[in-house]
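Peer 1: Build me a structure from this.
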Amino acid sequence: MVKNILPFLIAILFVVSFSLAQESASLEPWLDLIQDDPTLAELLTDLLENPLPINEASKKDWQRIPLLTSDEIDSILTQRNKQGTFSSVRKIRKIIGTQKYRRIRPFLTLHRVKKRWLRLTQRNYWTIETAPEITSQKFQGNKVYNLSRLLFEEKDHWQVGLVTQKDVGEPLFNDYWNGFVAYFSKKWQLIAGSYYLQLGQGLLFSAPFGQVKSSLSMSPFHATKMTVRPYLGTSENFAQTGFCLAGSWQNHAEYLFFWANNLRDGRYNSQTLKIIGFDFSGYHCSVAEQEKKDLIQERILGFSVKKALFNRLAYQLSAAQMKYTPSIDFNEENVSWNNLRRSRYQFKGQQLSVLSFNYDFNARLFRLSGELVASRQKTPGFTQSCWLKGKSLQTGLMFWNLSRNFQSPYGRAFDDANPFPRAVRGFYFALAWQKERWNFNFYKLIKKDLWRTYLSPFPGLHDEWLVDLNYDREDTNWQFRWRKISTSANDLSWTHTNTWRLQLTMKLNKNIEFKSRVQYVQIKPLKEDGLLSYQQLHWHFQQHFWFTLRFSFYRTDSYQSRIYEYESDVPGSFANFPLYGDGYKWFYFLRWQPLSSLQVWLKFRYQMISDKKLTDIDYGKNSSQLERMIRLQISLKI
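Peer 2: Below is the predicted model:
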């Protein structure tokens, strides 16, 4: 095995030795957020390609940066107005703190880039081994993934974008597409086309990163914003397509009006031909999946108004009405009795009206915020949080309760990315401490379902802990993490999953960085465990060449004790494959920038799984499985 691989690697190192992906290195502090919500990678990549000029950016511009709170943005603008301009990007660190500064630093720049530019991006990836669904012609398309994107900006006022995409197995290269035209001024912005909304704490409309936990334990308390942005991503069935007008007027007031006309995939009864629900998967590979495409027309009309009082208190009122054609007939005439009981509170009907009230009180050392959302069904949901903030110590507590029949298609419950969240109650406690070279993060999360499905005898319970400790010394970083997840269908029977991680990151010199990780997973009372170890090398040499190489070895008892390992990937894409069985994996990642306007990324991934205990989830009953994948992306900026 080693004899076969070694010559190939040597050839790579000496013939095409280029590229550590700078984008991937910049996104590594965000991996915990990305792995729970891949759509965040698209937003962060956009910020990397179009960094924020700190001396010219408006408040709306600053709201594009995740994790920044409204008071932090106001403090930045106040300091800039007081001193004129910032002489260095590092001046921001004194305002927001070192830990948060490290995360957002790649998205900031001192000077604005050229006033007019056009960026063309082409991304493809494919596996060398053909999936059996394609061989058997169950999938109508080929094994190539394709994305083509165009983005134009002129004089800080106009933006125009267009993207087309097809997944592996889909027959049409424009299976999914969206685009927008946007105009920005100092007081208002207008978007026609595809856009994303974030209102309050996300129970009515939530951005991709709005309600996700991570090793940066205080991040969920930073999501209270009213913002809208053009959307040029590839997550189907979640963005809005229509018109949106946002702006501000005197006395610290902001407004937002939006209208959308969307086509959504649907599920239907093949006998009665009635629509019985939504299909949010976004895949159109097989004939059955293609028949579900664009069956539901969704029209949305809404507004949001936010008012600040005395620089301490802000309140926000939002409302939206959704109409669906044809109506959702989820009833005993079109659904079996078992499915009806299993999804008792699923949305049905033709119209949904939702109203939201959100407040945010910000004092010197603490912050209170909350949101109440209700619909015509009079089944509300609410969330409430309190955040205490000091110079080196921060702590916060969040509580939420969504009733059984709570209806909000684009809201998000905490730690749940699914649409139409409902029937859940929970609390989240977080603590973060920073002192010189030490960073400590801790959280405790408890969630409880408020009803049981037909398949579950009791409502589900979820109990989770995380402890993350980082120590920085010169060019070396040590990380220790312990995470425990306990789940139960009743109070008597629990499944406990413990994960321990030890990681060393060391900068050997100005151009070479080495990373080593050991991760162990243990599941009780199933008596299953798993072990992962990888070594990674980043190498930047000359001016336009980067290189990344990683070797991973792993062993788990089954798919249940699988281990997820984030990989460097082409910008805007995402690689977090489950590792299970007994095997090894390696990949190299190359980036080449021959011209200031041209960048090329190339990734090759090789994975071998050997285990007689493999489950039927991915690879059937084969005793071994080889998977090789190639990803290529080219970006031209004019």
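
Peer 1: Would you check how far apart residue 83 and residue 59 are?
Peer 2: To residue 59, residue 83 is 18 Å away according to Cβ to Cβ, to the nearest Å. From N, CA and C alone the C-beta is placed, and that goes for glycine too.

Peer 1: Looking at those two, which is more packed in?
Peer 2: Per other Cβ atoms under 10 Å, whichever of residue 83 and residue 59 has more neighbours is residue 59, with 14 against 10.

Peer 1: I figured that one was touching residue 72, is that so?
Peer 2: No - using Cβ atoms under 8 Å, residue 59 is not in contact with residue 72, being 11.3 Å away.

Peer 1: so residue 48, which of the three states?
Peer 2: Under DSSP: H, G, I helix; E, B strand; the rest coil, residue 48 falls in the helix class.

Peer 1: pretty sure it is touching residue 107, no?
Peer 2: Yes - in this structure residue 48 lies within contact range of residue 107 using Cβ under 8 Å: 6.6 Å.

Peer 1: Between these two, tell me which one has more neighbours.
Peer 2: Just comparing residue 48 and residue 107: by other Cβ under 10 Å the higher neighbour count belongs to residue 107, 19 against 16.

Peer 1: Please report how far the more buried one lies from residue 44.
Peer 2: 7 Å.

Peer 1: residue ranges of the strands in the stretch 201-350 of the chain, please?
Peer 2: Per DSSP state E, counting those that start in this stretch, the stretch 201-350 of the chain carries strands over the ranges 227-230, 240-249, 253-264, 266-268, 275-278, 296-309, 313-328, 349-362.

Peer 1: Any idea how many residues pack against residue 77?
Peer 2: Other residues lying near residue 77 total 14 when counted by other Cβ under 10 Å.

Peer 1: Just the pLDDT for it.
Peer 2: pLDDT recorded at residue 77 is 88.

Peer 1: cool, residue 39 as well?
Peer 2: pLDDT, residue 39: 54.

Peer 1: hey, where'd the helices end up in the stretch 101-250 of the chain?
Peer 2: Ranges of helices within the stretch 101-250 of the chain are 132-135, based on DSSP state H, counting those that start in this stretch.

Peer 1: who's in contact with residue 265?
Peer 2: By Cβ atoms under 8 Å, 6 or more residues apart in numbering, the contact list for residue 265 reads 236, 237, 278, 279, 280, 281, 282, 292, 293, 294, 295, 296.

Peer 1: go with 10 Å
Peer 2: Residue 265 makes contact with 236-237, 278-284, 289-296, according to Cβ atoms under 10 Å, 6 or more residues apart in numbering.

Peer 1: same question, residue 350
Peer 2: Each residue near residue 350 by Cβ under 10 Å, 6+ apart is listed here: 322, 323, 324, 325, 326, 327, 328, 329.

Peer 1: Now list the buried members of the residues you listed.
Peer 2: Among these, those buried by neighbour count (16 or more other Cβ atoms under 10 Å) are 322, 324, 328, 329.

Peer 1: quick one: what helix or strand has the residue nearest to residue 570 when sequence neighbours are not counted in it?
Peer 2: Of all residues not flanking residue 570 in the chain, residue 633 sits nearest, at 3.9 Å (Cβ to Cβ, 6 or more residues apart in numbering). Per DSSP states H and E: residue 633 is located in strand 624-637.

Peer 1: and that strand, what does it pack onto?
Peer 2: Counting contacts by 3 or more Cβ pairs under 10 Å, 6 or more residues apart in numbering; DSSP states H and E, strand 624-637 packs against strand 116-127, strand 144-154, strand 582-595, strand 598-610.

Peer 1: Give me the spatial nearest neighbour of residue 162, chain neighbours excluded.
Peer 2: Excluding its sequence neighbours, the residue lying closest to residue 162 (Cβ to Cβ, 6+ apart) is residue 179, at 3.9 Å.

Peer 1: just for the stretch 51-200 of the chain, where's the confidence low?
Peer 2: Scanning the stretch 51-200 of the chain for pLDDT under 70 picks out 99, 112-114.

Peer 1: wait, residue 381 sits on residue 420?
Peer 2: No - Residue 381 lies out of contact with residue 420 (Cβ atoms under 10 Å); the separation is 11.2 Å.

Peer 1: anything in contact with each of the two?
Peer 2: 406, 407, 408, 411, 413.

Peer 1: Now for the second one: which residues touch it?
Peer 2: I take that to be residue 407. Residues counted as contacts of residue 407 (Cβ under 10 Å, 6+ apart) are 322, 345-349, 352-354, 373-377, 379, 381, 420-422.

Peer 1: Could you pick out the buried ones from these?
Peer 2: Taking 16+ other Cβ under 10 Å as the criterion, what is buried in those is 322, 345-348, 352-354, 373-375, 377, 379, 381, 420-422.

Peer 1: Three-state assignment for residue 418, please.
Peer 2: Residue 418 - assigned by three-state DSSP - is coil.

Peer 1: pLDDT value on it, please?
Peer 2: For residue 418, pLDDT reads 78.

Peer 1: residues in contact with it?
Peer 2: By Cβ under 10 Å, 6+ apart, the contact list for residue 418 reads 280, 412.

Peer 1: Please report how far it lies from residue 395.
Peer 2: 29 Å.

Peer 1: Report how many residues lie close to the closest residue to residue 178 other than its chain neighbours.
Peer 2: Spatial nearest neighbour of residue 178, chain neighbours left out: residue 194 (4.0 Å); criterion: Cβ to Cβ, 6+ apart. Neighbour count for residue 194, taken as other Cβ under 10 Å: 24.

Peer 1: Ok, residue 116 next?
Peer 2: Residue 116 has 12 neighbouring residues, counting by other Cβ under 10 Å.

Peer 1: Then residue 364?
Peer 2: Neighbour count of residue 364, defined by other Cβ under 10 Å: 8.

Peer 1: residues in contact with it?
Peer 2: 71, 312, 389.

Peer 1: Buried ones only from these, please, as a PyMOL command.
Peer 2: With 16+ other Cβ under 10 Å as the criterion, this PyMOL line picks the buried residues out of the contacts of residue 364:
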select buried, resi 71+389
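
Peer 1: Check which residues of stretch 111-131 are buried.
Peer 2: Across stretch 111-131, burial judged by 16+ other Cβ under 10 Å covers 119, 121, 123, 125, 126, 127.

Peer 1: does residue 64 really touch residue 227, like I thought?
Peer 2: Yes - counting by Cβ under 10 Å, residue 227 is a contact partner of residue 64 at 7.5 Å.

Peer 1: pLDDT value on residue 607, please?
Peer 2: You'll see residue 607 listed with a pLDDT of 91.

Peer 1: hmm, back to that, from the contacts of residue 350, which is closest to residue 580?
Peer 2: Taking Cβ to Cβ as the measure, residue 580 sits nearest to residue 328 out of the contacts of residue 350, at 37.6 Å.

Peer 1: circling back: chain center to the strand holding residue 633: distance?
Peer 2: 21 Å (Cα atoms, centre = their mean, to the nearest Å).

Peer 1: Describe which strands it pairs with in its sheet and in which direction.
Peer 2: If you go by DSSP bridges, strand 624-637 pairs up with strand 116-127 (antiparallel), strand 598-610 (antiparallel).

Peer 1: buried set for that strand?
Peer 2: Buried-residue list, strand 624-637, by 16+ other Cβ under 10 Å: 625, 627, 629, 631, 632, 633, 635, 637.

Peer 1: Can I get the residues you listed in CSV including distance to residue 475 and pLDDT?
Peer 2: Putting the buried residues of strand 624-637 into CSV (distance: Cβ to Cβ, whole Å; pLDDT from 0 to 100) gives the following:
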residue, distance to residue 475, pLDDT
625, 39, 79
627, 35, 87
629, 33, 91
631, 30, 93
632, 32, 93
633, 30, 91
635, 30, 89
637, 32, 85
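
Peer 1: Thanks a lot, see you next time.
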